[in-house]
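Visitor: Quick one, what's the 3D model for this:
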Amino acid sequence: MPSLLARLPTPSTLRAMRHAGEALRRRVLWTSIYGDCHLGAPMHRTGSDDDGEDAFDTLLRVLRAPRRHFRISAAHRAPRAPELLSELDGWLAAHGGSTCVRPVPARASWKAAHPGEPEPWVLIDRGRCDAHAGRLMTEAGCRGYAQAEGLHFIGSTVEYAEYPGCVNWEGVRAEFNAHSNEAVGCSFGTRARCACQKGRAVHDL
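Guide: Numbers count the residues shown, from 1 in each chain. Now for the predicted structure:
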């Protein structure tokens with residue numbers, strides 16, 4: 001995000017730039033999904049140039065603090081926030097986080113726009129793309145796929161423990177995993193499916 005780029009130094013090598021940006025990578029991904037929102041009143045820090053903590057600051061501060069003499073309380077027995085993205089917006093709206101909920105746009109559909117034509121991709125939930133007569137999408141292909149299906153494209157990342165290429169998260173968001181090692185196979189369970197290219201890429205049609 002432009003507001004975060006000012007915090008980065010100007011190193012002379014690509015490796016140094018990646019090292020400098022690592023601390024901001026998760027924040028940028030978080031913000032691309034949830035926006036720059038607050039789940040409650042900002043918690044002001046003493047002696048800091050920042051004027052408060054947002055939800056991401058609070059999350060990381062809690063995770064950094066070691067939990068000693070932990071005891072289960074009523075708060076821990078209360079219902080947790082849903083883990084599925086398709087259920088999260090409604091939960092946030094009901095618990096005071098309405099500013100974090102993004103309006104759902106009217107969904108596009110390849111089939112509606114191209115009646116009678118086969119979809120130029122196949123969604124898989126296990127194995128590799130080539131086992132389903134497909135191939136890995138490029139980032140441009142993933143963006144085109146998201147636009148054609150009315151999905152929110154949340155950006156590109158590199159997660160070597162997950163299958164590469166284009167990932168459809170619960171039919172709501174699409175993300176590009178920028179590596180090429182297919183050994184792990186598509187294995188997201190009910191959370192996501194992998195979008196494999198068949199024929200020409202969407203952005204070439």
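Visitor: name the helices or strands packed onto the helix or strand where Arg61 lies?
Guide: Element membership of Arg61, judged by DSSP states H and E, is helix 55-64. Under the contact criterion of 3 or more CB pairs under 8 Å, 6 or more residues apart in numbering; DSSP states H and E, helix 55-64 touches helix 14-34. C-beta coordinates here come from the backbone N, C-alpha and C atoms, glycine included.
Visitor: Could you give the average pLDDT over the helix it packs on?
Guide: For helix 14-34, mean pLDDT rounds to 69.
Visitor: go on, stretch 136-144?
Guide: Mean predicted lDDT for stretch 136-144 stands at 94.
Visitor: And the contacts of it?
Guide: Identification of contacts with stretch 136-144 by CB atoms under 8 Å, 6 or more residues apart in numbering yields 121, 129, 145, 153, 156, 164-166, 174-176, 178, 180, 182, 195-197, 201-203.
Visitor: quick one, phi psi at Pro189?
Guide: Pro isn't right for residue 189; it's Gly. Main-chain torsions, Gly189, degrees, to the nearest 10: phi 70, psi -140.
Visitor: go on, Gln197?
Guide: Backbone torsions of Gln197, given as degrees, to the nearest 10, read phi -80, psi 140.
Visitor: can you pull out the strands in this structure?
Guide: Secondary structure of the chain (DSSP state E): strands at 121-124, 135-136, 152-157, 165-169, 173-177, 192-197.
Visitor: In CSV: those strands, plus mean neighbour count and distance to Arg18.
Guide: Below are the strands of the chain laid out as CSV (neighbours: other CB atoms under 10 Å; distance: least, CB to CB, whole Å):
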stretch, mean neighbour count, distance to Arg18
strand 121-124, 20, 31
strand 135-136, 19, 23
strand 152-157, 16, 13
strand 165-169, 24, 22
strand 173-177, 23, 17
strand 192-197, 25, 26
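Visitor: Ok, which of those comes nearest Pro115?
Guide: Among the strands of the chain, strand 121-124 comes nearest to Pro115, with 16.9 Å by CB to CB.
Visitor: name the helices or strands packed onto the closest one?
Guide: strand 192-197.
Visitor: quick revisit: take the strands of the chain and lay them out in a markdown table including distance to Cys186.
Guide: Listed next are the strands of the chain as a markdown table, based on distance: least, CB to CB, whole Å:
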| stretch | distance to Cys186 |
| --- | --- |
| strand 121-124 | 5 |
| strand 135-136 | 11 |
| strand 152-157 | 16 |
| strand 165-169 | 8 |
| strand 173-177 | 11 |
| strand 192-197 | 4 |
